[in-house]
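Chemist: below are the sequence and a predicted model for it; my questions follow.
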Amino acid sequence: MKKIIYTNLAPEPIGPYSQAIWVSNATENTLYVSGQIGLKNGVHINENIQAETHQVMQNMKAILEEAGMSFADVVKCGIFVKDMNNFAAINAVYGEYFPENPPARETVEVSRLPKDVNVEISCIAITFN
């Protein structure tokens, strides 16, 4: 079964994609969360990279919760940054949301992100039936 997950507590998609897709079968439920950026009520939270990263994670949390999941269910993240010099600050904030058993992940520097944000994070979460 495939289901679209949507919450008004996270930014509206800015293109032809869903905030997340829930896929369920007899043994597991998997949530694929699209890349989240630091928008809150349409405003880019960018006073510093820490605040922006916290907003990204709060948006992801809202989507996970809408699907009945939490950060404890996340098995993989992808982090896209505009400037790898921000890696340590982003990593420190990210680590607050995964204090134990952090998921697998990659972090890559890219030349540009949607809305000219500084960081975008996506994730995959799984629960077992």
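Modeler: Everything's here; your move. Residues are numbered from 1 along each chain as shown.

Chemist: how about the strands of the protein, start to end?
Modeler: 2-5, 20-24, 28-36, 39-40, 43-44, 74-81, 104-109, 119-128 (DSSP state E).

Chemist: list the buried ones in stretch 88-104?
Modeler: Neighbour counts over stretch 88-104 (16 or more other CB atoms under 10 Å) mark 89-90, 93-94, 97 as buried. Quick note: C-beta positions are derived from backbone N, CA and C, even for glycine.

Chemist: take these and keep only those in helices.
Modeler: In this view, these that belong to helices under DSSP state H are 89-90, 93-94, 97.

Chemist: of all the buried residues of stretch 88-104, which two lie farthest apart?
Modeler: Ala89 and Tyr97 (14.2 Å; CB to CB).

Chemist: measure how buried Tyr6 is and give me the count.
Modeler: If you count neighbours by other CB atoms under 10 Å, Tyr6 ends up with 14.

Chemist: now do the contacts for the closest residue to it other than its chain neighbours.
Modeler: For Tyr6, ignoring the flanking residues on the chain, the nearest one in space by CB to CB, 6 or more residues apart in numbering is Gln19 at 5.4 Å. Contact analysis of Gln19 by CB atoms under 8 Å, 6 or more residues apart in numbering lists 5-7, 10, 13, 33-34, 63.

Chemist: likewise Glu106?
Modeler: Contacts of Glu106 were listed using CB under 8 Å, 6+ apart, and they are 78-79.

Chemist: ok so, going back, and the ones in helices among the buried residues of stretch 88-104, which is closest to Ala72?
Modeler: When these are compared for distance to Ala72 (CB to CB), Tyr97 wins out at 10.0 Å.

Chemist: need phi/psi at the residue of the chain positioned farthest from its centre.
Modeler: Distance to the chain centre peaks in the chain at Ala26, reaching 25.9 Å (criterion: CA atoms, centre = their mean). Main-chain dihedrals, Ala26, degrees, to the nearest 10: phi -60, psi -30.

Chemist: cool, thanks, signing off.
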